[in-house]
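Peer 1: please find the sequence and the predicted model below.
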Amino acid sequence: MPREGIKIRIPYERLTKEQVSQIHTASLEILKDPGLLSFNEEATELFHSNGASVAKVSTDGSPCWQIKLPEALVLSAVESAPKTVKLGARNPENTLLMKGDEARVYFITGSETNIWLDVDFQAYIKKSKPGTEVQIPEFLPRRGTVADLCKSAHVCEHLQTVDGYIRTVNIQDKDITEDNKDVNKFFASLNNTTKHVMSGLTTLKQLDNVIHMAELIAGGKEQLKANPIISFITCLVKSPLQMVNDTTHTFMEVCRRGLPVVVSSSPQAGTTAPIKEAGIMAQINAEVLAGITLSQLVNKGTPVIYGTVPVRARMDTLGDSYGCVETSQYHIDCVQLARFYNIPNYSTSGVCDAKIPGQQSSIERLFSDIVVTLSGPQFLHCAYGLLDCNSVFCLLQAVLDDAHFQMIKFFLTPPVIGAEDLEQSLKQIREVITTPQKLFIQHIRSVLRKGGVSPAYPFEGNLETDNVFALANDRMNELLAKPVEHIDSATIETIFKEIPGLLPRLNTNTK
Amino acid sequence: MSQDIISLLKENVIQGRKTVDSEGIDETLTGTPGVIELTQSAIDNKIPADVIIGQGLTAGMTVVGEKFASKEYFIPDMLASAEAVGAAMELLKPVLEASNVESAGKFVIATVKGDMHDIGKNIVAILLRGAGYEVTDMGVDVPEDEIVKIVKEEKPDFLGLSALLTTTMIEMGVVIKALSENGLRNSVKVLIGGAAVSEEFAGEIGADAYCSDGFHAIRVLDSFQKAKA
């Protein structure tokens, strides 16, 4: 049985059918003219041999080709892309089954940040009440390590609303190199969560080692195909409309291996895409369709996910503004576009501009988490714990995020209103109105015990002081104290024998 | 046999099952006698009232209080148990009177004149009955002369006044003044509660205590009892 996620009965949509159709047409127009700039020769040849027109473009450095994709080629690829993508898991009960025509949302962590934010509580004495001590959190940034990644996967394993895991922190230990980073980040994640693990690759050289590791865990090549416990995400298109050499190469190799892959594009309205909604939508859709086309040309039937991370530029710095309202609008539009093609969508919410946990981070993330969830993306990268756009991860924030996702999930449960419920309610009303106190309290309990009453906010304080951070910190420590179901010791032993570059300190058999 | 009845009584208090038809926390006791039937059975089996109350009702309520404090139980659970105990105390009233056992105290409760809100007051009344107090609930919109009359006639140990509105809370001061004018102020402890009032306001009008909720009221009453002892 796959995880349930949350099914959105009536997805929130911003675009009319006509607008979706207009964007689709405009995207196909873009792919014809101006087309794409490809910096990868192999992809260029593949497009060319399948009917695309190709012309060499003179550049100062790298070889580059202008590729114009005929409409039929793109539509044929959309047709052959699987409409259901399965993301497996070490624990099969954590499988994610994503159907392009079903608005069932799975909440996933990520993505990779350089900075890990520790929290430390300092005691202060109130000037106005000298006998009163208050705890104020201090947030301490430092570079992320592989131990942090293990810790994060461990906590996310126990966070109820987290359906899958994208590594939250870039591992920057002294003994981590470009050559051993991929195997260590996948192992640290897989060994500390039984949920699905998705990641990008640092170097293509490690792809087969990572896949072999996954095969060992899944029980073999065929078992991994049947239960793809890992998947990949690549951003092969650099906006606007440029297929980057190395990521395109990586993407093609991943497609050849047949494992699920997200084609992701991340244009910024105002700088790398038009500021107008119509423009950025037409462009991002073209960029993703180009990726999907390539995936199907490389290996027809590759389970590909329509990945979109559009963002608006900040007007003060021209950096990304994930917290602004338009960014959520773009995401919702993209969900609708993916649904138009019946291909599962990877969307983003919860990334905020705030640098530390607090009111700004809560407002920004909760706003986008609610509205984007309502639109029904299948794979919602909802940025548990992320701060300062994509650069900081705070485990305490992830615990806070889980609490508000529980509220969102409860909010989205379908109403229970039927003949039987109404009949029972009428009976209660008639009975209670005759009692002296006229209270319905005695009827709460059966509903409460069956989960029909939403739980209180778990970090609610009982004093005038806001204790949210301290209570969430206690919860975080409780989760860290819970055991983790590691990979079985025989498999770990094999992994450490057969996969080069793993750090000995990650071997849980020796602890 | 007697011990079985008392154990079941305690368990049913913990589960908040007033009668055979009541639901509990889980389904283990569904369809079995509840607190009322078991209390009657205990009386019929001549189990002493202090055993029924001490080892059955109060022991059960102690566990309920602990579960509430640890957030395993919620207010509806607490109220279900308190209501069951309150009903059992009604059954025990003649037995207690015959054996000269006194209740925890007489408590008159009312929402003051001009105020129709009674949810909080009703919850407090249920909890107090569950804690063994003999409660007379005068209802809502009660003028001060009626309150003075009942204090004069019933001689309660405690008077609870409730008000939700800032416009009606001043009536509490009017009641306390009327009690003083009738020479009754020292005969009864006055506790006030409700969304509009505060500890500071209780001090201003000369009330004996402010209670933020029913549980607070029970703690305040306990402290009065201890001070008296």
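Peer 2: Okay, I see it.
Peer 1: check contacts around residue A:382.
Peer 2: Shown in contact with residue A:382 (C-beta atoms under 8 Å, 6 or more residues apart in numbering or on different chains): A:107-109, A:348-350, A:369, A:372-373, A:401, A:405. Where C-beta positions appear, they are placed from N, C-alpha and C, glycine not excepted.
Peer 1: and it, how close does it get to residue B:103?
Peer 2: Residue A:382 sits 57 Å away from residue B:103, going by C-beta to C-beta, to the nearest Å.
Peer 1: same thing with residue B:72?
Peer 2: Distance of residue B:72 to residue B:103, computed by C-beta to C-beta: 29 Å.
Peer 1: kindly report the same for residue A:161.
Peer 2: In terms of C-beta to C-beta, residue A:161 sits 50 Å off from residue B:103.
Peer 1: over to residue A:367?
Peer 2: Look at residue A:367 and residue B:103: by C-beta to C-beta, they are 55 Å apart.
Peer 1: and residue B:216, by the same measure?
Peer 2: On the measure of C-beta to C-beta, residue B:216 and residue B:103 end up 21 Å apart.
Peer 1: got it, and residue B:129?
Peer 2: Look at residue B:129 and residue B:103: by C-beta to C-beta, they are 10 Å apart.
Peer 1: ok, the two, which is more surrounded?
Peer 2: residue B:129 (24 against 17; other C-beta atoms under 10 Å in any protein chain shown).
Peer 1: ok, the nearest residue to the more buried one once chain neighbours are set aside to residue B:131 distance?
Peer 2: Spatially, and ignoring its direct neighbours in sequence, residue B:129 is nearest to residue B:86 (3.0 Å; C-beta to C-beta, 6 or more residues apart in numbering or on different chains). Distance check for residue B:86 against residue B:131: by C-beta to C-beta, it reads 9 Å.
Peer 1: likewise for residue A:496?
Peer 2: 63 Å.
Peer 1: which one's more surrounded, the two?
Peer 2: residue B:131 (25 against 17).
Peer 1: just the element for the residue nearest to that one when sequence neighbours are not counted, please.
Peer 2: Leaving aside its sequence neighbours, residue B:131 sits nearest to residue B:218 (C-beta to C-beta, 6+ apart; 5.1 Å). Using DSSP states H and E, residue B:218 maps to helix B:214-228.
Peer 1: swap in residue B:135?
Peer 2: Counting by DSSP H and E, the element that carries residue B:135 is strand B:133-137.
Peer 1: which residues touch the spatially closest residue to residue B:96 that is not a sequence neighbour?
Peer 2: In space, and not counting its chain neighbours, residue B:96 is closest to residue B:49: 5.6 Å by C-beta to C-beta, 6+ apart. By C-beta under 8 Å, 6+ apart, the contact set of residue B:49 is B:92, B:95-96, B:99, B:101.
Peer 1: same question, residue A:354
Peer 2: A:323, A:360-361, A:364, A:387-388.
Peer 1: top of these by neighbour count?
Peer 2: Highest neighbour count within the contacts of residue A:354: residue A:387, with 28 neighbours (other C-beta under 10 Å).
Peer 1: for it, phi and psi?
Peer 2: With angles defined as degrees, to the nearest 10, residue A:387 sits at phi -140, psi 170.
Peer 1: same check on residue A:351?
Peer 2: Taking degrees, to the nearest 10, you get phi -80, psi 130 for the backbone angles of residue A:351.
Peer 1: how about the one 3 residues further on?
Peer 2: With angles defined as degrees, to the nearest 10, residue A:354 sits at phi -60, psi 150.
Peer 1: one more: residue A:479?
Peer 2: According to degrees, to the nearest 10, residue A:479 has phi -70, psi -40.
Peer 1: for whatever residue of chain B ends up closest to chain A, which three-state class applies?
Peer 2: Here chain B gets closest to chain A at one residue, residue B:76, 4.0 Å apart by C-beta to the nearest C-beta. Here residue B:76 is recorded as helix under DSSP: H, G, I helix; E, B strand; the rest coil.
Peer 1: which residues touch it?
Peer 2: Residue B:76 neighbours (C-beta under 8 Å, 6+ apart): A:441-442, A:444-445, A:448.
Peer 1: okay, who's weakest in those residues by pLDDT?
Peer 2: Lowest pLDDT of the contacts of residue B:76: residue A:442, 80.
Peer 1: who's in contact with that residue?
Peer 2: B:76, B:79-80, B:83.
Peer 1: farthest pair within these?
Peer 2: Within those, two members stand farthest from each other by C-beta to C-beta: B:76 and B:83, at 10.2 Å.
Peer 1: which strand or helix spans the residue in the stretch 101-250 of chain A positioned nearest to chain B?
Peer 2: Going by C-beta to the nearest C-beta, chain B is nearest to residue A:129 of the stretch 101-250 of chain A, at 15.7 Å. If you go by DSSP H and E, residue A:129 is not part of any helix or strand.
Peer 1: can you give me the pLDDT of it?
Peer 2: On the pLDDT scale, residue A:129 gets 84.
Peer 1: give me phi/psi at residue A:352?
Peer 2: Torsion angles at residue A:352 (phi, psi; degrees, to the nearest 10) stand at phi -130, psi 170.
Peer 1: near chain A, which residues of chain B?
Peer 2: B:16, B:23, B:25-26, B:74-77, B:79-80, B:83, B:118-119, B:122-123, B:125-126, B:137 (C-beta under 8 Å from any C-beta of the partner chain).
Peer 1: how about residue 144, what does it touch?
Peer 2: By default, I'm working from chain A. By C-beta under 8 Å, 6+ apart, the neighbours of residue A:144 are A:113-116, A:169-172, A:393.
Peer 1: wrong one, I was asking about chain B
Peer 2: Shown in contact with residue B:144 (C-beta under 8 Å, 6+ apart): B:112-113, B:171, B:174-175, B:178.
Peer 1: try 10 Å this time
Peer 2: Residues in contact with residue B:144 (C-beta atoms under 10 Å, 6 or more residues apart in numbering or on different chains) are B:110, B:112-113, B:161, B:171-179, B:181-182.
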